[in-house]
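Colleague: give the three-dimensional model of this entry:
(one chain, ligands or ions: 5)
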Amino acid sequence: YVLKHDKYAINEIINTLSRLERNPNNKIVIVEDSKTSAKMLQILLEVHQYDVMHFNNPKQALDYVKYHQDVKMVITDYNMPEMDGCELTRRLRRLYSKQELAILGMSGAGQTIMSANFLKHGADDFIIKQSFLAEEFYLRVNSYLDRLNTYQELATAASYDYLTKIPNRRHFFEVVEAMHEAAIRHETPVTCAMIDIDKFKSVNDEYGHSVGDEVLRKVAETIKSSTRKSDVVARFGGEEFCMYMNGMSAENAQPYFEKLRQKISDTIIHVEDYTLQVTVSIGLNSKLEQDLNQMLEKADKSLYEAKETGRNRVIL
Ligand code: GH3
Ligand code: MG
Ligand code: MG
Ligand code: MG
Ligand code: MG
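Modeller: Ligands and ions are numbered 1, 2, ... in the order given. As a prediction, the model looks like this:
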């Protein structure tokens, strides 16, 4: 009915659709104990290619969201068995900020008082069941999802190096400071490594900057592919990388980084019409120190020594 009478709405829906095609991973969880109401919402959303999951039970919904990082939005009813919608909202908000998850509260007509209640518990918005227009609903859902995607893009841009796609220095400290505190508390062995490409300036001078960029990407990839999940690797400066390895003792660090050094020097890099190889110098420090910066400084000193004594080597 509305579609037939509202040209503007049709255009908006077409816009919405074209945007969604670029972004198909918009997972929405509906929490609603009324089957008809849930079905209606689900159809509305699925028509527009949202990926929808429905739960009658708020506890199951909560568990699902916890174990599925791709959920972007929860739309929840108020009156439900075991837990009401506001309580579900409150619990979700303890786990996820508004930058991570959108929550829309919902209740029957005549319960407009619920609106404030939902917002107070952390919902982004509120709708009254069966009395909203489909296009208004889409526009709202879409604007929340757009906002989340923008936040995520900004967060990634602020934390990851654009060229190599690995964490930047800032993100390194954000992640590692907490890890380091825990390592000190539990006296876990830790190794810090500074890795610097040898004579990289000459790569740029000989082959040009864009070849240099590609070499940087390749070296970053090789380093990254040799790490375990618990390791943190970051691009620290121009052609310098830093690694923090929780649980890595001095005895294990030496052979590990020797292997990595070898792997990088063995890698034949094809860029444009050139084939080239680069080596790296690596400075290590496995002596646990309270101060993370001090640990890194000592690794840097070892790196300097590796450079001084001929490059393409690992110094502990
Ligand atoms: P060393 O063995 O002593 O480390 O010599 P080096 O030439 O690697 O060291 P130096 O510090 O003299 O030069 C580093 C070079 O890295 C200079 C700079 O142009 C280049 N560089 C830094 N960042 C980038 C980048 O993002 N892309 C490219 N292509 N080059 C970069
Ligand atoms: Mg209900
Ligand atoms: Mg260098
Ligand atoms: Mg240098
Ligand atoms: Mg350098």
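
Colleague: CA only for contacts and neighbour counts going forward, please
Modeller: Noted.

Colleague: how far does the helix ranked longest in the chain sit from its chain's centre?
Modeller: Taking DSSP state H as the criterion, the chain has its longest helix at helix 134-159. Centroid separation between helix 134-159 and its chain, computed with C-alpha atoms, centre = their mean, to the nearest Å, is 15 Å.

Colleague: flag every buried residue along whatever helix or strand comes next after it.
Modeller: Elements were assigned by DSSP states H and E; along the chain past helix 134-159, the next helix or strand is helix 169-186. For helix 169-186, the neighbour count (16 or more other C-alpha atoms under 10 Å) marks 169, 171-173, 176, 179-180, 183 as buried.

Colleague: between those residues, which is nearest residue 87?
Modeller: The shortest approach to residue 87 among the buried residues of helix 169-186 belongs to residue 179, at 32.6 Å (C-alpha to C-alpha).

Colleague: sorry, back to before: tell me the one among the buried residues of helix 169-186 nearest to ligand 1.
Modeller: Distance to ligand 1 across the buried residues of helix 169-186 (C-alpha to the nearest ligand atom) is lowest for residue 169, with 13.8 Å.

Colleague: quick one: the closest one from ligand 2, how far?
Modeller: Applying C-alpha to the ion, to the nearest Å, the value for residue 169 to ligand 2 is 48 Å.

Colleague: where are the low-confidence patches of the stretch 51-200 of the chain?
Modeller: Of all residues in the stretch 51-200 of the chain, none has pLDDT under 70.

Colleague: close to ligand 3: what parts of it are there?
Modeller: 196-198 (C-alpha under 5 Å from the ion).

Colleague: which of those residues are close to ligand 1?
Modeller: Among these, proximity to ligand 1 is found for 196-198 (C-alpha under 6 Å from any ligand atom).

Colleague: going by neighbour count, which of those residues comes out on top?
Modeller: For these, the largest number of neighbours (other C-alpha atoms under 10 Å) sits with residue 196, at 26 neighbours.

Colleague: to what extent is the closest residue to residue 151 other than its chain neighbours buried, counted in neighbours?
Modeller: Distances taken as C-alpha to C-alpha, 6 or more residues apart in numbering place residue 99 nearest to residue 151, at 6.1 Å, with adjacent residues excluded. When neighbours are defined as other C-alpha under 10 Å, residue 99 has 16 of them.

Colleague: regarding residue 99, what are the backbone dihedral angles?
Modeller: phi -80, psi -20 (degrees, to the nearest 10).

Colleague: check contacts around it.
Modeller: 147-148, 151-152 (C-alpha atoms under 8 Å, 6 or more residues apart in numbering).

Colleague: nearest to ligand 2 among the residues you listed?
Modeller: Distance to ligand 2 across the contacts of residue 99 (C-alpha to the ion) is lowest for residue 148, with 27.2 Å.

Colleague: against residue 49, how distant is the nearest residue to that closest one once chain neighbours are set aside?
Modeller: What sits nearest to residue 148 in space, not counting adjacent residues and going by C-alpha to C-alpha, 6+ apart, is residue 99, at 5.7 Å. Noted for residue 99: a distance of 22 Å to residue 49, by C-alpha to C-alpha, to the nearest Å.

Colleague: residue of the stretch 1-150 of the chain closest to ligand 3, please.
Modeller: Using C-alpha to the ion, the point where the stretch 1-150 of the chain gets nearest to ligand 3 is residue 150, with a distance of 35.5 Å.
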